[in-house]
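Engineer: how would this look folded up:
(chains A and B, ligands or ions: 2)
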Amino acid sequence: MPLDILAQIAIGGVLIGGLYALFAFGLSLIYGVARILNFSHGTLLAIAGVLASILYGALGASPLALVAIITGLALAFFLFGWGFHDLLLAPLKRRNHFEASVGTVLTTVGALIVIGDVAATLAGPRPRNIPLRSDVIEIGDVLIPVSQAWMLAGIALLTVVLQLVLTRSWYGRAVRAVTQDHVGATICGVRSRAIHGITFGLGTALAAIAGVLYAMVYPVDPYTGFSLTVKAFTIIVLGGIGNLVGALAAGLFLGVAEAFTAFFWAPEWAPALSITLLLIILVAFPNGFGNTRKA
Amino acid sequence: MLSLDRIVVDHGKMRAIWDVSLDIQVGEKVGLLGANGAGKTTTLGAIQGLYPPQSGAITFDGQPIAGRPPAENVAQGIALVPEGRRLFPEMTVRENLEMGAYLRHARSDLRRTLEHILELFPILREKAGQHAGELSGGQQQMVAIGRALMSKPRLLLLDEPFLGVAPLVIYDVMDALRRVAESGVTILLVEQNIHRALDFVDRAYVIENGRNAFDGTRERLLGDPEFGAKFLGLD
Ligand SMILES: Nc1ncnc2c1ncn2[C@@H]1O[C@H](COP(=O)(O)OP(=O)(O)O)[C@@H](O)[C@H]1O
Ligand SMILES: [Mg+2]
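Structural biologist: Numbering: from 1, shown residues only, chains lettered A, B, ... in the order given. Ligands and ions are numbered 1, 2, ... in the order given. Here you go, the predicted structure:
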């Protein structure tokens, strides 16, 4: 096996893994703060990808259009996520535990189905992507498509920004505090309703940005989403709730493992990998290993 | 400064507080005592806004505050050191303390308040960069007290602050709390250890099964044969 081909596969795996990580971190933020498992998270990514593809064509296929699309979709999805939480999910919390849990699953799974169908009706069910120019960058014998390099730049930038927000801003610290002990956060003066809504919005915006980056490299259709949600669950179980570094490590691991599975075995098996991994982790590591420091 | 008038508090369908009243003046050190399950934690939670009462009045600085959100109460000068400390285990000691100054009124003075707290608990200066989850019980309790003080409270509610603290360290913590009280902060201390509590406070309320049972100064309580029989194991 020539080394450059292995490197090529690894780079592809790292890229998609970094994207999984960002996307999963959105889910992780939402779960950590609001304790809601958002089953529609992957579908939102797919819809953002489809929308980005349509807008890219309509806005004249320039890099500037791409920046505008990312910004616009991030903002729109932020507001959508915030509204979705405050209008449909927050009222469920006043019900008893059983009704609240089942209601939350029904609402997010329902959103997945409805959003997917509406998008498929309006935009058609066919896969779409963002057709960037197909230039490549050569590093030695390894070829990296420009689209992938952009994706990498996007992921790196977003990771740095997220890390800064989480450690340096009052909002970010409140997010970590609520995730680690919500009662402790409440008595510090953190208002839970507001922070739940904003964080649901932020997580949704991350899914949207990931969706645009994803569509730059892979085709998406409105029904792509659920397998991505499963991957995100795997990553947050592996990497720990609310843990950005953990999510990155787990995402990269999953991405590279999938890339090699697809190459050495068959692409059809790559999606099964995350489910298998998730089950193995849940059965073999009942205490997880993302939160070993938890007091 | 604070008064509770016949409050009733439920946890879901279970009634925890049936009828509790108390009155605290500015600058006092008051105890809230009683057996496990008597309703001490629930009473503090009602004051802070975590458990809105079903009925009865809570008044702070002459304002009715029953059912007011916790953030509002923190902003008005009430801070809670909760049962079980409730720290953020994977944040550093410094970050934990700074979270206490989350609300706008406390942010502007953050550096000075922090410095003041590190003087109160010098060991925390060495531990400032460590995760709170890695500290000993006593050190965690110091962080919990420090975090509450970061909001610059006028009324400090303490829920069993000596639980899980090594005996020698208890004196340090108590000493620090005396200095906090001397600086003008009013204190309501929940304790199960009656002797230790009466050592610290000026007077105390004793509750039983969610109702007032006894109250009075240390001398009065210690001189009351019924109180002695029930809580000090005297006959
Ligand atoms: N979150 C809760 N949910 C249901 N019941 C509770 C809860 N917290 C306390 N209780 C019940 O309320 C009563 C008073 O508890 P608590 O206020 O914790 O007493 P104390 O602090 O004096 O030990 C107890 O019977 C306890 O079991
Ligand atoms: Mg208690």
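Engineer: Leaving out the residues flanking it, which one is nearest to the residue in the stretch 51-200 of chain A that ligand 2 sits nearest to?
Structural biologist: When scored by CB to the ion, the stretch 51-200 of chain A has residue A:183 as its residue closest to ligand 2, at 13.2 Å. Backbone N, C-alpha and C define where each C-beta goes, glycine included. For residue A:183, ignoring the flanking residues on the chain, the nearest one in space by CB to CB, 6 or more residues apart in numbering or on different chains is residue B:86 at 5.0 Å.
Engineer: List the contacts of that neighbour.
Structural biologist: A:181, A:183, A:184, A:187, B:144 (CB atoms under 8 Å, 6 or more residues apart in numbering or on different chains).
Engineer: With pLDDT, distance to residue A:239 and neighbour count added, can I get those in CSV?
Structural biologist: As requested, the contacts of residue B:86 are arranged in CSV below (pLDDT from 0 to 100; distance: CB to CB, whole Å; neighbours: other CB atoms under 10 Å in any protein chain shown):
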residue, pLDDT, distance to residue A:239, neighbour count
A:181, 95, 20, 23
A:183, 96, 25, 16
A:184, 97, 23, 26
A:187, 97, 29, 30
B:144, 97, 29, 27
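Engineer: can you name the two of these that are farthest apart?
Structural biologist: A:183 and B:144 (11.7 Å; CB to CB).
Engineer: Mind jotting down where the strands sit in the stretch 51-200 of chain A?
Structural biologist: Applying DSSP state E, counting those that start in this stretch to the stretch 51-200 of chain A gives strands spanning A:136-139, A:142-145.
Engineer: between those strands, which gets nearest to chain B?
Structural biologist: strand A:142-145 (35.9 Å; CB to the nearest CB).
Engineer: strands paired with that closest one, and their directions?
Structural biologist: strand A:136-139 (antiparallel) (DSSP bridges).
Engineer: Could you list the buried residues of the strand it pairs with?
Structural biologist: Along strand A:136-139, no position meets the burial threshold by neighbour count (16 or more other CB atoms under 10 Å in any protein chain shown).
Engineer: right, so of the strands of the stretch 51-200 of chain A, which gets closest to ligand 1?
Structural biologist: Taking CB to the nearest ligand atom, strand A:142-145 is the member of the strands of the stretch 51-200 of chain A nearest to ligand 1, at 55.3 Å.
Engineer: residue closest to the middle of chain B?
Structural biologist: residue B:158 (1.5 Å; CA atoms, centre = their mean).
Engineer: Looks like residue B:131 contacts residue B:92 (just checking).
Structural biologist: Yes - at 6.1 Å, residue B:131 counts as touching residue B:92 under the criterion of CB atoms under 8 Å.
Engineer: before we move on, the earlier item: mind listing the shared neighbours of residue A:183 and residue B:144?
Structural biologist: B:82, B:86.
Engineer: Tell me, please, where in the chain the pLDDT is lower than the cut-off.
Structural biologist: Looking at chain A here, since you left the chain open. Across chain A, the ranges flagged by pLDDT under 70 are A:1, A:286-295.
Engineer: wrong one, I was asking about chain B
Structural biologist: Applying pLDDT under 70 to chain B flags residues B:233-235.
Engineer: Relative to residue A:181, how far out is the residue nearest to residue A:183?
Structural biologist: As for residue B:86, its distance to residue A:181 is 5 Å (criterion: CB to CB, to the nearest Å).
Engineer: got the residues of chain B near ligand 1?
Structural biologist: By CB under 6 Å from any ligand atom, the residues of chain B that approach ligand 1 are B:11, B:12, B:14, B:16, B:34, B:36, B:37, B:38, B:39, B:40, B:41, B:42.
Engineer: hang on, the earlier thing: can you pull the contacts of the residue nearest to the centre of chain B?
Structural biologist: B:81, B:145, B:177, B:187, B:188, B:189, B:190.
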